[in-house]
Structure formats: structure tokens, C-alpha cells
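Colleague: Below: sequence and its predicted model.
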Amino acid sequence: MCDNYIQEIKKAQDGDKIALENLIKDNNGLIWSIVKRFYGRGYESEDLYQIASLGFIKSIKRFNNDFDVKLSTYAVPYMIGEIKRYIRDDGPVKVSRSIKDLGIKIRELQKEAMKKRGEEIKIKEIAKELKVGVEDIILAMEASNSVESIENSKHINNKEGKSVSLLDTLSADKNEEEMITNKLAIGQLIKDLKERDKKLILLRYYKEKTQAQVADILGISQVQVSRIEKKILENMRNKMLMSS
């Protein structure tokens with residue numbers, strides 16, 4: 001992302017209306033591409049555009065260049081989330097057959113990557129492999145309730161015996177904007193971890209291993225696993241709070 005574009009984003013975050021309008025104008029095609037995915041549901045396209053634009057503006061306000069993602073990629077789930085909330089009162093969003101099929105292909109690639117590499121495949125890699133846009137990948141992942149990703153609540157049991165996910169562990173605020181932002185941020189935070197720490201998190205929260213099993217795999221004690229995991233999660237949470 002060029003320095004001029006980053007400066008434009010910062011100006012918009014500081015309340016510069018002209019900078020904000022320029023960003024919306026520059027991303028007008030992206031906004032309409034999201035709106036078009038919701039055609040045929042009985043809503044005026046202009047209304048959907050305004051709602052999507054609201055989501056785009058929210059993404060600008062919360063954007064942080066440290067996330068190492070483009071604003072266009074970061075904004076997509078915000079726009080989708082706004083439109084979904086807008087039409088929620090009229091019933092659930094109907095997912096098209098093509099989006100469902102794409103979601104299935106994505107899950108297959110995710111499972112294959114986890115099996116072969118022991119780590120989650122990046123969205124850009126999925127888009128390249130399936131020869132579709134990043135926005136389409138994000139839409140399919142958001143639309144599919146059964147996608148095996150960080151927001152699922154079946155990985156690790158807490159002290160109360162309830163299932164929690166990595167996202168639940170790190171997120172204090174459970175509103176939808178925070179959840180969307182955190183899903184993007186967590187991917188980058190995991191990427192930046194040291195190799196051992198990354199492996200520990202992947203084993204615990206993606207391969208559903210107990211602390212005892214992780215201790216055996218890493219060749220350390222269960223007490224050490226518990227202490228290291230607690231420190232990793234605390235550091236990740238602090239980084240998320242600092243960037244919000």
C-alpha cells in the first residue's frame with residue numbers, strides 16, 4: 001500500500017471529509033461488487049449501496065496498517081456484515097449455490113493445508129488456487145456457518161467446562177464489528193509468532209490437542225505449555241487492544 005494512500009486513510013480517520021469521500025470514490029467499484037452479491041432479495045440496490053458504504057466507512061475508522069492487509073480486503077467483511085444486519089429482520093440471508101460450492105472448496109483446501117503443513121492456508125493462497133477474487137473467498141467464508149475457522153467454539157474447554165475458541169479467548173467485546181476485525185487481526189498475529197509458539201497455538205486451537213498432548217509433541221512439561229500458552233494469548237490480546 002503506497003504512502004499517499006495510507007496518509008489519505010489517516011486523514012479520513014482524523015475527520016477529513018474530503019479524504020473520506022476520495023476513499024469511497026476510489027473503492028466505489030468494490031462497494032458495488034459487494035452490493036451485487038445481494039441482488040434478487042427484494043431490496044433496492046441504492047439502499048444496499050448506502051448500507052455497504054456505511055460498512056466501508058466503519059472499516060476505515062478501525063483500519064490499522066499493522067494488520068498487513070489492504071483496506072479493500074479489510075473492508076469486505078464489514079460491508080457484508082452491514083448488509084446482512086440490514087436484511088436480518090426479513091429472514092436469514094439466502095446463500096447461493098455457487099457460494100455454497102465455493103465454501104466447500106475452501107474448506108477442502110483448509111483441511112488439506114492443515115494436514116500437510118500444520119498451518120492455516122492464507123486467503124490470498126486460496127484465491128490463487130481457486131482462481132477467484134479475494135472478496136469472493138471472504139464472502140463464501142462469511143456465508144458458510146460450517147467453515148472450520150478461528151471463530152468456531154469447539155476447540156478448547158475452559159475451566160467451567162465450556163467450549164471456547166481462540167477468537168473467544170482473545171475477544172473481550174463480542175459485537176459483530178469486533179469479531180470481524182479480530183478474525184483478520186488474529187491471522188496476522190499468528191503469522192508473527194515464533195515457530196514454537198505458532199505450533200503450540202495451532203496444536204491447541206486448530207488440532208484440538210490437550211495441553212498434555214502438546215507437551216509430549218513439543219518435548220516440554222504440561223506446566224510449561226500452560227505458562228507459555230497463557231503468555232502468548234496475553235501478548236496477542238494486548239496487541240489487538242493496542243491496534244483497536
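Modeller: Alright, I've got the coordinates.
Colleague: So what's the model's average confidence on stretch 63-79?
Modeller: The pLDDT scores in stretch 63-79 average 83.
Colleague: Now do that stretch: distance from first to last residue.
Modeller: End-to-end span of stretch 63-79 (Cα to Cα, to the nearest Å): 14 Å.
Colleague: One more: stretch 64-73?
Modeller: 12 Å.
Colleague: in that stretch, what counts as buried?
Modeller: By 16 or more other Cβ atoms under 10 Å, the buried positions in stretch 64-73 come out as 64, 67, 69, 71-73. Every residue, glycine included, has its C-beta placed from N, CA and C.
Colleague: Make CSV from those and add secondary structure and distance to R85 to it.
Modeller: Below are those laid out as CSV (DSSP: H, G, I helix; E, B strand; the rest coil; distance: Cβ to Cβ, whole Å):
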residue, secondary structure, distance to R85
N64, coil, 23
F67, helix, 23
V69, coil, 22
L71, helix, 21
S72, helix, 21
T73, helix, 21
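Colleague: Go through the residues you listed and name the one nearest Q213.
Modeller: F67 (31.6 Å; Cβ to Cβ).
Colleague: which SSE is K209 in?
Modeller: Here K209, judged by DSSP states H and E, is contained in no helix and no strand.
Colleague: Skipping adjacent residues, who's closest to it in space?
Modeller: The shortest distance from K209 to any non-neighbouring residue, by Cβ to Cβ, 6 or more residues apart in numbering, is to L203 (4.5 Å).
Colleague: what do you get for I31?
Modeller: Spatial nearest neighbour of I31, excluding adjacent residues (Cβ to Cβ, 6+ apart): A52 at 5.0 Å.
Colleague: Show me the strands in the protein, by range?
Modeller: Using DSSP state E, the strands assigned to the chain run over residues 156-157, 163-164.
Colleague: ok, for I228, nearest residue in space, not its chain neighbours?
Modeller: Nearest non-adjacent residue to I228 (Cβ to Cβ, 6+ apart): L200, at 6.2 Å.
Colleague: how close does I34 get to R204?
Modeller: To R204, I34 is 34 Å away according to Cβ to Cβ, to the nearest Å.
Colleague: Have a look at those two and say which one is more surrounded.
Modeller: I34 (26 against 22; other Cβ atoms under 10 Å).
Colleague: Now do A140: how many residues are near it, please.
Modeller: 25.
Colleague: Could you verify my assumption that it touches G103?
Modeller: Yes - between A140 and G103 there is a contact under Cβ atoms under 8 Å: 4.4 Å.
Colleague: how much space between V132 and E119?
Modeller: Relative to E119, V132 is positioned 22 Å away (Cβ to Cβ).
Colleague: Thought R37 was touching the residue nearest to I31, still the case?
Modeller: No - checked against Cβ under 8 Å, the pair A52 and R37 is beyond contact range at 9.9 Å.
Colleague: So if I had to pick from these two, which one is more boxed in?
Modeller: Higher neighbour count among A52 and R37: A52, with 27 against 20, using other Cβ under 10 Å.
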